[in-house]
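Asks: my questions concern the predicted model and sequence given below.
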Amino acid sequence: MLKVSFECSAPITTQCVVCQDHADYRCIECSTTAVFCEVCLKRTHRNSLHLPEKWNNVYYEPSSLGLFLFLPEGHDTHAVYTEVMKVIVSTGRLCTVTVNMCACEPETCTLLRYGLWPATAEKPQTAFSIPLLELFVCLSLECQVSVEALVGESISHFRHHHFRQRSLVDICSQLDDGTICPACPKADGDMIVTLDANFGLVRKQSSGTSVVYTIYGISLTVSV
């Protein structure tokens, strides 16, 4: 296995997997055996955040081609501009990406189209890969791993956004947000609330009163 691992650190072939020309590039996130020429690499990795590598006759080094994200069709007549952003991709690596933006919508919405979650709501300079944040949510919920220090408030905002996606209450008004108990009376009657070990009930009377309105409304379970 050691011998194979050393063999894999060098090109197995020099033929581009697409056009059969001479190839110097590889992308581990696509394949551990396929290599690409520069033209085919750019074509197959358009609007991709994969980080290809180039063979320098000694070892594979990070490619200097740069990462670009282009807007889809339909923005030809709009005011399109570019922003250079720091993006933490799905593998956890920090890279610099040139992103096309359009004046027809907020930058946060454009980043969402690219599969990125903005670090701030206004003029974001940093973004996170959504699959990476989904992994953070799983680590937090299933393994009780604290990830707040890694991305600040971004993970909290993303969890709330993820919750709103699952509830579909913003799409269909006949649905609730998932926090309404189907057994509790909706008009008259008693409603039973269990307090023992209910650490999610953050606004119980013993906690006092807060003058700050909750970020995500009155729902107590939006971050679950």
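Replies: Arrived safely, thanks for sending. Residues are numbered from 1 along each chain as shown.
Asks: dig out what the residue nearest to residue 11 when sequence neighbours are not counted forms beta bridges with.
Replies: Leaving aside its sequence neighbours, residue 11 sits nearest to residue 55 (Cβ to Cβ, 6 or more residues apart in numbering; 5.6 Å). All C-beta spots, glycine's among them, are computed from the backbone N, C-alpha and C. Counting by DSSP bridges, residue 55 is bridged to residue 60.
Asks: contacting residues around residue 55?
Replies: Each residue near residue 55 by Cβ atoms under 8 Å, 6 or more residues apart in numbering is listed here: 10-11, 24-26.
Asks: which residues in this protein form helices?
Replies: 2-7, 38-44, 107-113, 130-142, 148-151, 154-167 (DSSP state H).
Asks: least reliable of the ones you listed by average pLDDT, please.
Replies: The weakest mean pLDDT among the helices of the chain belongs to helix 148-151, with a mean of 62.
Asks: what pLDDT does the model give the residue nearest to residue 11?
Replies: 93.
Asks: so how far is residue 11 from residue 57?
Replies: Residue 57 sits at a distance of 10 Å from residue 11 (criterion: Cβ to Cβ, to the nearest Å).
Asks: and for residue 158, the neighbour number?
Replies: Residue 158 has 20 neighbours, counted by other Cβ atoms under 10 Å.
Asks: likewise residue 28?
Replies: Other residues close to residue 28 by other Cβ under 10 Å number 14.
Asks: wait, it touches residue 53, no?
Replies: Yes. Using Cβ atoms under 8 Å, residue 28 is in contact with residue 53, at 7.3 Å.
Asks: the residue nearest to residue 8 when sequence neighbours are not counted: neighbour count?
Replies: If the residues on either side of it in the chain are set aside, residue 8 comes closest to residue 32, at 6.5 Å by Cβ to Cβ, 6+ apart. The tally of other residues near residue 32 (other Cβ under 10 Å) stands at 10.
Asks: same check, this time on residue 49
Replies: Residue 49 has 21 nearby residues by other Cβ under 10 Å.
Asks: hang on, it packs against residue 98?
Replies: No. Using Cβ under 8 Å, residue 49 is not in contact with residue 98, being 11.8 Å away.
Asks: can you pull the residues that touch both of the two?
Replies: Counting by Cβ under 8 Å, 6+ apart, the residues touching both residue 49 and residue 98 are 67, 69.
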